[in-house]
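Engineer: here is my input; please provide its structure:
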Amino acid sequence: MVRIFIFALALGWSGLANGQMEELQSLAKALAENKSALDDVRLGENERSGMVTLKLGGTVVEHSDGTYDGIFFKAPEEIRDRDFIWYFNAPEGWANWYIVPLEEDVKQGFSNWLTADKVYGELDKAGEKERFRTLQTLKGSYFEPGQEYVIWFRKVGEVKPGEARLRIAFGKPKEEGKWKHEELEKALGLKPASAEEQVAELSSLGGMILLDGKFFDKGYADDRIESLFFSKRQQKQLSGGFFIQIKTSTPPCHTNPKLAEIIEKHGKPDFVRSSKEEAARSSGNDSDEEPPTITYFYDYFGFVVKEGDEDKIVHQVTAQANNFSTLRPKGDERSTFGQLGFENLTVFHFDGKEVGRIYNFDEEKKEPSVVKAPPEGTYRNGQVSITFLGDGKWRMEAVSDGGKKVYIKRYERNRLNGITEVYHSNGKLKLSLSYKDGVPDGKIMEYDEDGAIVREAVYKDGEVVK
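Structural biologist: Have a look, this model is predicted:
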């Protein structure tokens, strides 16, 4: 996924450098000369295609050191106030893509997309592996009426031919230049698959519990699953570790299952949190809610019981964009940690049991909140380790797959303090940054791969002073 994002960033969001523009112009010429190798997509009377199935790698265009396949289409004669919109589902090995004109000079193309968070009827199959799905838009001013354009897909690495499924259209947004998921779905004629298929695509145990007729009725389950997607589409992350979440009212369930029976059949939850802790996390104050509750999270869904209820009857199920399964113990290590970015939450485990919990750890502008400090020692999550030294002192290290250092961070009073070091892939120092209470303070040095200084600066309280 990372390589796909970087490619789109280079071509779309950061602007085209001269070398990239020349290469795209040369590629556009090659595609025009070999147009017969590409699929012709015809737009209907409503300026929308049906589902297009593209056999990527069947007939290709070789250019420079790349292998390309794709489609071409003609822009409508009347495109005033209308944008190009499309959805596609393609194998990851073919998920480098762009758009170029066949008869004009190349110019800045795709620059944004919306995450395809649902699966759509005929275009998708729930549980498909190693595929990339996205919704994307491009302003109509990019196009010349009646001219032809190519959307190409580039082969990445040694991958076999694969199938891409897509749908394109020209539509008018409610607000100029801005599209929401629901507007795109309607304009493209995308019909979301069933709740069962959405849950399968998400690999959501919480969704499976909701769909278990022993515990909940189908109408309630469908409503809760749909509310998950509303939450995912409303949540936004801001700089400095802040985030925006839209919370909706949660209806009660009327089947009132017992939590113990859910656990017996589906296993233990990923995370447990009281309403008092939730209120303190959100506002810094304890909750005045009466009566207080405890929520048992299974990935995206929270099963709520009243605090002190001996029978632990689930009286409602919340849905949120965050996947709490990332907080579970990791692998075979005895001491591990899990993190949930949008919650600014880190949880520590020993022998499969939670032993520590901290909010806003490693967040530049937010005060850390230690619910419970873990025992002193080293906790791991993949290639990253966090060592707690006691009394608010920490050390975080990351290594590459080959075992070379990636970075080392040092903390006091639970915040970045002292020198942070970042390393080149050859193991030599790349950056040395001085921090005080979470922000840059002191000298910052940057080095090239040979160890020569390429940049230095002095910070005070997070601002450059020299």
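Engineer: who are the packing partners of the strand or helix carrying residue 296?
Structural biologist: Taking DSSP states H and E as the criterion, residue 296 maps to strand 293-298. With contacts defined as 3 or more Cβ pairs under 8 Å, 6 or more residues apart in numbering; DSSP states H and E, the packing partners of strand 293-298 are helix 205-210, strand 271-274, helix 275-283, strand 301-306. No exception for glycine: its C-beta is placed from N, CA and C like everyone else's.
Engineer: could you tell me the least trusted of the ones you listed?
Structural biologist: Comparing mean pLDDT across the helices and strands packed on strand 293-298, the weakest is helix 275-283, with a mean of 86.
Engineer: so which bits of that one are buried?
Structural biologist: For helix 275-283, a neighbour-count test (16 or more other Cβ atoms under 10 Å) marks 275, 276, 277, 278, 279, 280, 281 as buried.
Engineer: what helices and strands are in contact with it?
Structural biologist: strand 293-298, strand 369-372.
Engineer: how about that helix as CSV, C-alpha atoms only?
Structural biologist: The C-alpha trace of helix 275-283 is given here as CSV (Å, rounded to 0.1, in the frame of the first residue of the first chain):
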residue,chain,number,x,y,z
SER,A,275,-17.7,5.5,30.7
LYS,A,276,-15.8,7.4,33.4
GLU,A,277,-12.5,6.8,31.7
GLU,A,278,-14.0,7.7,28.3
ALA,A,279,-15.3,11.0,29.7
ALA,A,280,-11.9,11.8,31.3
ARG,A,281,-10.2,11.0,28.0
SER,A,282,-12.5,13.2,26.0
SER,A,283,-12.9,16.2,28.3
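Engineer: quick check: angle from that helix to strand 301-306?
Structural biologist: Angle of helix 275-283 versus strand 301-306, following axes from the mean of the first three to the mean of the last three Cα atoms, to 10 degrees, is 120 degrees.
Engineer: so what's the gap between helix 275-283 and the chain middle?
Structural biologist: 25 Å (Cα atoms, centre = their mean, to the nearest Å).
Engineer: okay if I get the buried residues of helix 275-283 as a markdown table plus distance to residue 417?
Structural biologist: Formatted as a markdown table, the buried residues of helix 275-283 follow (distance: Cβ to Cβ, whole Å):
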| residue | distance to residue 417 |
| --- | --- |
| 275 | 33 |
| 276 | 30 |
| 277 | 27 |
| 278 | 29 |
| 279 | 29 |
| 280 | 25 |
| 281 | 23 |
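Engineer: between the residues you listed, which is closest to residue 22?
Structural biologist: residue 281 (51.6 Å; Cβ to Cβ).
Engineer: check contacts around the residue nearest to that closest one when sequence neighbours are not counted.
Structural biologist: Spatially, and ignoring its direct neighbours in sequence, residue 281 is nearest to residue 359 (5.6 Å; Cβ to Cβ, 6 or more residues apart in numbering). By Cβ atoms under 8 Å, 6 or more residues apart in numbering, the contact list for residue 359 reads 281, 343, 344, 345, 346, 368, 369, 371.
Engineer: mind doing that once more with 7 Å?
Structural biologist: Residue 359 sits next to 281, 344, 345, 368, 369 when contact means Cβ atoms under 7 Å, 6 or more residues apart in numbering.
Engineer: and the third one, how close does it get to residue 356?
Structural biologist: Using Cβ to Cβ, to the nearest Å, we find residue 345 at a distance of 11 Å from residue 356.
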